[in-house]
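> Sequence and computational prediction follow.
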Protein chains: 2
Amino acid sequence: MNTHTLQSHLTDGEFSFANRMQCIPKSFIREILKVTAQPDVISFAGGLPNPQYFPVEALKNAAIKVFEQDGCNVLQYAVSEGYKPLREYIAMRYKLTQNLDIDPDEILITNGSQQGIDLAGKVFLNPHDKVLLESPSYLGAIQAFSAYEPEFITVDLQADGIDTNALKMVLANQNIKLMYAIPNFQNPTGISYSIEKRIATANLLSNSNTILVEDDPYGSIEFTGKPMPSIKKFLNKQTILLGSFSKIASPGMRLGWVAADKKIIAQMIVAKQATDLHSNFLSQRIIYQFLMDNDLETHISQIKNAYKQQRDQMLGCIHKYFPQQVKYITPEGGMFIWLTLPQGYNAFDLLQKASEQKIAFVPGGTFFLEGKGQNTMRLNYSNTETQQLEEGMKKLGSILWEWMR
Amino acid sequence: MNTHTLQSHLTDGEFSFANRMQCIPKSFIREILKVTAQPDVISFAGGLPNPQYFPVEALKNAAIKVFEQDGCNVLQYAVSEGYKPLREYIAMRYKLTQNLDIDPDEILITNGSQQGIDLAGKVFLNPHDKVLLESPSYLGAIQAFSAYEPEFITVDLQADGIDTNALKMVLANQNIKLMYAIPNFQNPTGISYSIEKRIATANLLSNSNTILVEDDPYGSIEFTGKPMPSIKKFLNKQTILLGSFSKIASPGMRLGWVAADKKIIAQMIVAKQATDLHSNFLSQRIIYQFLMDNDLETHISQIKNAYKQQRDQMLGCIHKYFPQQVKYITPEGGMFIWLTLPQGYNAFDLLQKASEQKIAFVPGGTFFLEGKGQNTMRLNYSNTETQQLEEGMKKLGSILWEWMR
């Protein structure tokens, strides 16, 4: 038997990849995270939930239960749309928390909400179709959509949500296929849409053919006790609402969902089958058992209280340690604080200085498509313990004072 | 607050889906499976592993262990390429079982091998690129590739693998971007490539720019004790080898992998990030713990022995109950037997008759792209218990005798 490997006709680097691969931007954040993986770095760069609040014991017990009660089934192939009782639970929770009517058959379980973004792109986008993004926007969404080679149009975010005047102009003059927005505690800015901007956005979109992809990974992590309604509430048929268990239970289990019109869901199921048949069924069953045996809202309260304390501590540190010229937005939920340095100060330069003192964060320019925001930066507060947070912010403050002297 | 839903500008059915959605064929098998989901139907239609041989207890114990030993980490976000020790295990197993040298960094963990097919399409295919398929081929692959709007070229399968003369002609005359093949116990035919055809295929491809996607979900489930080498053994750099835990541990956990040149893996990691960030980390950790605490080869032996018995029983039934004009291929592994009815007999008609008697199978025409194979059919033997298998085959035999009289 000839087991000698043949000399390939291909010479090095000759692989002919699809054009779309040149369109997907590399994640600068992942690069930063690699650099900052050393244990002695204090990192505000990540976007990770605090593992201290993962319901480890409860999920373990749920896992034992599903293995013992239905082991063969939970390990078998399952339907593409996802476990029906889990879809019913999600629908029920929308009804309870938002009085939002969603049929369980309008829900598809995905590998985290990231896959919801990808499937929206797969189902709707032809090359050169226009996708409207908030500016700045979530890098993962830019990556997911980029694979379908769209043209991106951006509209600025203001302190109370998207600039609806600019949105009106864009919608009037351009044929936008999808609009992507994170109305609650946006990543990276922490900004939330006011109720007026939610309604205005829905009104503007209702006069267009544009489909809204409303991404809501952080909606449950809100600190005021006054949650805002989804834009889907006002623009049902035209809205693809994405949700996730990543921030309220576990991101490693990769479970999210899409809630959309049945015609859209039907196409997404076809795309989902073609992509990976179905989402991890064992994890769907474990999370469902966890939801049955525990009070999710109590668990979420713990996370909210903890993150609110961490946010307050970080805001306090900004007051104590940072020069006043550094402006910030107070987030009312989520995991990020957005800072703006005075004009002319570049956050990439600051990162350079900070890295030398083993502090990390993400320069905000990363989240803009057209080179804007060089003087902005994103700090994560959810995943740093009290003492480290204080120490890291103090050091960062010293660097800023020194630099801005 | 106005919570009234706005009247959408879109009227019914006006969603403007991407062109690619019209290219993805619907799965006829899923339609059959829905019909045959009733418990009193004896179904040879599915392609499911036998849940009786899922290692439920061992996976439960592995799950408890990872929750107890590393609960916070297994529930957190993880790297896109997959858990390194799991990739090292897979590389080690290729070395042990096939003497195949694969670096752990040449491996990407995916949501089952289905996602490996999708990512190969995403990374390589521009619209109208040519994809070469065995005829017949795996429907899931046709669906996955279709989303990238390629042109399909087919080459017939013979009893010992692909028709290499035809393959030579096609490669000489057409610029084929990807060739997709299942050299071991193919779905749907059960056919395996002889060693000569493996080497011949590698030789032909080595003179082309074509990348081989070698899908191997069934390779470990072989009955002769003489496993064949992967084509990747002869054509390393040009081969994307796909593997899966679905048939040897659990399909519901959706864990597969891609083994390919580092340059290809680098692109696939970018695509994987954009698609769903990473594969379910909890499941990766559970399966890794399972592999550490149990002997996989012993577990696989049990499955092989059981499936071999089931295959032998089904072959025996064909001899006992079917008219001699019905021809079959003896599979030396995997889960399927492929039958050919005499010319002029349509297996879709047979399915109609069989359904009335609550027997199901998949008409082979489903697996061909151009209307061929109307007189062929696929029977699954892995997921039917002894008595039912006997009863179902006996009934199917009676129907055939009656019909062919």
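Arrived safely, thanks for sending.
> tell me the contacts of A:Lys122?
Taking C-beta atoms under 8 Å, 6 or more residues apart in numbering or on different chains, we find A:Lys122 in contact with A:Tyr148, A:Ala271, A:Thr275, B:Ala18, B:Arg20, B:Ala147. Quick note: C-beta positions are derived from backbone N, CA and C, even for glycine.
> Look up phi and psi at A:Phe245.
Per-residue torsions, A:Phe245: phi -90, psi 0 (degrees, to the nearest 10).
> Wait, it touches A:Ser279, no?
No - taking C-beta atoms under 8 Å as the definition, A:Phe245 is not a contact partner of A:Ser279, at 11.1 Å.
> so what's in contact with these two at the same time?
Residues touching both A:Phe245 and A:Ser279 (C-beta under 8 Å, 6+ apart) are A:Leu255.
> Give me the pLDDT for A:Asn2.
We have a pLDDT of 39 for A:Asn2.
> Quick check: next helix or strand after the helix-or-strand element of chain A with minimal mean pLDDT?
Least confident helix or strand, chain A: helix A:28-35 with a mean of 71, by mean pLDDT, DSSP states H and E. Sequence order places strand A:42-43 as the next helix or strand after helix A:28-35, per DSSP states H and E.
> Would you mind identifying the next helix or strand past that following strand?
Sequence order places helix A:56-74 as the next helix or strand after strand A:42-43, per DSSP H and E.
> quick one: which of the contacts of A:Lys122 sit in helices?
A:Ala271, A:Thr275 (DSSP state H).
> Return the closest of the contacts of A:Lys122 with respect to A:Phe54.
A:Thr275 (27.3 Å; C-beta to C-beta).
> Please name the nearest non-neighbouring residue to that closest one.
Spatial nearest neighbour of A:Thr275, chain neighbours left out: B:Asp118 (4.9 Å); criterion: C-beta to C-beta, 6 or more residues apart in numbering or on different chains.
> Run a quick neighbour tally on the one you found.
Each residue near B:Asp118 was counted by other C-beta atoms under 10 Å in any protein chain shown, and the total is 29.
> What segments of chain A are strands?
Along chain A, counting by DSSP state E, strands occupy A:42-43, A:107-110, A:130-135, A:151-158, A:161-162, A:176-181, A:211-215, A:239-244, A:256-259, A:327-329, A:336-340, A:359-360, A:362-363, A:376-380.
> I'd like these as a markdown table, with distance to A:Leu369, mean neighbour count and mean pLDDT appended.
Shown next, in a markdown table, are the strands of chain A (distance: least, C-beta to C-beta, whole Å; neighbours: other C-beta atoms under 10 Å in any protein chain shown; pLDDT from 0 to 100):
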| stretch | distance to A:Leu369 | mean neighbour count | mean pLDDT |
| --- | --- | --- | --- |
| strand A:42-43 | 25 | 22 | 93 |
| strand A:107-110 | 25 | 27 | 98 |
| strand A:130-135 | 7 | 23 | 98 |
| strand A:151-158 | 6 | 17 | 98 |
| strand A:161-162 | 15 | 25 | 98 |
| strand A:176-181 | 12 | 25 | 98 |
| strand A:211-215 | 17 | 27 | 98 |
| strand A:239-244 | 21 | 26 | 98 |
| strand A:256-259 | 24 | 26 | 98 |
| strand A:327-329 | 20 | 16 | 98 |
| strand A:336-340 | 17 | 22 | 98 |
| strand A:359-360 | 23 | 23 | 94 |
| strand A:362-363 | 15 | 25 | 94 |
| strand A:376-380 | 14 | 26 | 98 |
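> show me what contacts A:Phe15?
A:Phe15 sits next to B:Ile211, B:Asp261, B:Lys263, B:Ile264, B:Gln267 when contact means C-beta under 8 Å, 6+ apart.
> So which of these wins on neighbours?
B:Ile211 (26 neighbours).
> Who does the closest residue to A:Ile29 other than its chain neighbours form a beta bridge with?
Once flanking residues are discounted, A:Ile29 sits nearest to A:Val362: 5.7 Å by C-beta to C-beta, 6+ apart. Beta-bridge partners recorded for A:Val362 (DSSP bridges): A:Arg378.
> Does A:Val362 touch A:Gly373 like I think?
No - counting by C-beta under 8 Å, A:Gly373 is not a contact partner of A:Val362; they are 11.2 Å apart.
> neighbours of A:Glu57, just the number please.
12.
> So for the most centrally placed residue in chain A, what's the pLDDT?
In chain A, the C-alpha closest to the average C-alpha coordinate belongs to A:Pro217, at a distance of 5.6 Å (C-alpha atoms, centre = their mean). Looking at A:Pro217, its pLDDT stands at 97.
> Name the residue of the stretch 301-405 of chain A that lies nearest to chain B.
Going by C-beta to the nearest C-beta, chain B is nearest to A:Asn383 of the stretch 301-405 of chain A, at 9.4 Å.
> Could you list which residues are in contact with the residue nearest to that residue when sequence neighbours are not counted?
Nearest residue to A:Asn383 in three dimensions, chain neighbours excluded: A:Leu48, at 4.6 Å (C-beta to C-beta, 6+ apart). Shown in contact with A:Leu48 (C-beta under 8 Å, 6+ apart): A:Pro251, A:Asn380, A:Ser382, A:Asn383, B:Gln76, B:Tyr77.
> pLDDT at A:Thr36, what is it?
Confidence score, pLDDT, at A:Thr36: 66.
> how near is A:Phe322 to A:Leu86?
Remark: distance between A:Phe322 and A:Leu86 (C-beta to C-beta, to the nearest Å) = 44 Å.
> and the helix with the most length in chain A, is it in reach of chain B?
Looking across chain A with DSSP H, the single longest helix is helix A:296-321. No - applying C-beta under 8 Å from any C-beta of the partner chain, one finds helix A:296-321 out of contact with chain B, separated by at least 12.9 Å.
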